Structure formats: structure tokens, C-alpha cells
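Visitor: coordinates only, sequence not included:
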């Protein structure tokens, strides 16, 4: 298996960048487009577990738009062959000081690259120094 073929890495990176832009601007149409429309798709969020495309879509429609801005601290995208990839992000929510992590599994479909599984979590604040 070939890891990070330059053309495939460029494709996934461009699609991920499109996803990131849609995420912080709450472009629900693009976010819905980039998730695989399947009952097998899942997304574990900070406060929710969503099973299937329809649950993910409903969550996005109901989520408040303010406060989605974030600073991306580190992104690691790895492609495996020509049809499978992962994207992992460390981020900080604007104004909160909390560090979060986002993992996505991407698969090439006939419609293009789609997220088939995602997980978002926040790190607990470190304990105060004594």
C-alpha cells in the first residue's frame, strides 16, 4: 500500500480545506455534502453520538451557528492507497481556551471524497498549579 501519494494527498487536503471553511462558516449544505449519505456513517461529538447520515444532518440543522470559529493548531492528513484517508486536527475554540481534537475517516465514493466516521472531543482543562 502506498502512503501519501502526492496527487491523492492533494485531493484529500483540498477537500478537507473545503470542509474546514464550511465548518467555521456553518455552511450546512457543504457539510452535508461532504459526509457520506449512508446509515453506516457516524459522528461522535462533544455532547452527542450520531448514527447515520440523517441524524448527522438533523444535528447540523439544529445546531446554533455562533461560536464555531476556531484556530487550527495542527493538522495531520494521511492517505492509504487511492481511496482511503484520515484527517486529524488539534484546534482551539476562539474565546474558550479549550483545546479540541477532531478525527475523520475519509473514503473515495463515486461522488468524491466523503467523511464516513468522525469524532470530536475537548481536552479537560489542566489542574491548577499548586
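Guide: Looks like it arrived, so ask away. Everything quoted here is computed from the prediction, not taken from an experiment.
Visitor: Quote the end-to-end distance of stretch 47-59.
Guide: End-to-end distance for stretch 47-59: 11 Å, by Cα to Cα, to the nearest Å.
Visitor: For this protein, which residues score under the pLDDT cut-off?
Guide: The model of the chain has pLDDT under 70 over residues 67, 125-130.
Visitor: the strands in it, which residues?
Guide: For the chain, the strands defined by DSSP state E occupy 42-44, 49-51, 70-80, 84-93, 99-109, 112-122.
Visitor: ok, and what's touching the fourth one?
Guide: Counting contacts by Cβ atoms under 8 Å, 6 or more residues apart in numbering, the residues outside strand 84-93 that touch it are 8, 12, 16, 67, 69-80, 98-108, 113. From N, CA and C alone the C-beta is placed, and that goes for glycine too.
Visitor: let's see 6 Å
Guide: Residues outside strand 84-93 that contact it (Cβ atoms under 6 Å, 6 or more residues apart in numbering): 12, 16, 70-79, 99-107.
Visitor: Go ahead and flag the most central residue of the chain.
Guide: In the chain, the residue lying closest to the centroid (Cα atoms, centre = their mean) is residue 104, at 5.0 Å.
Visitor: Would you mind measuring from that residue to residue 66?
Guide: Going from residue 104 to residue 66 by Cβ to Cβ, to the nearest Å gives 23 Å.
Visitor: before we move on, the earlier item: test my guess that the residue nearest to the centre of the chain contacts residue 119.
Guide: No. Under the criterion of Cβ atoms under 6 Å, residue 104 lies out of contact with residue 119, with a separation of 8.0 Å.
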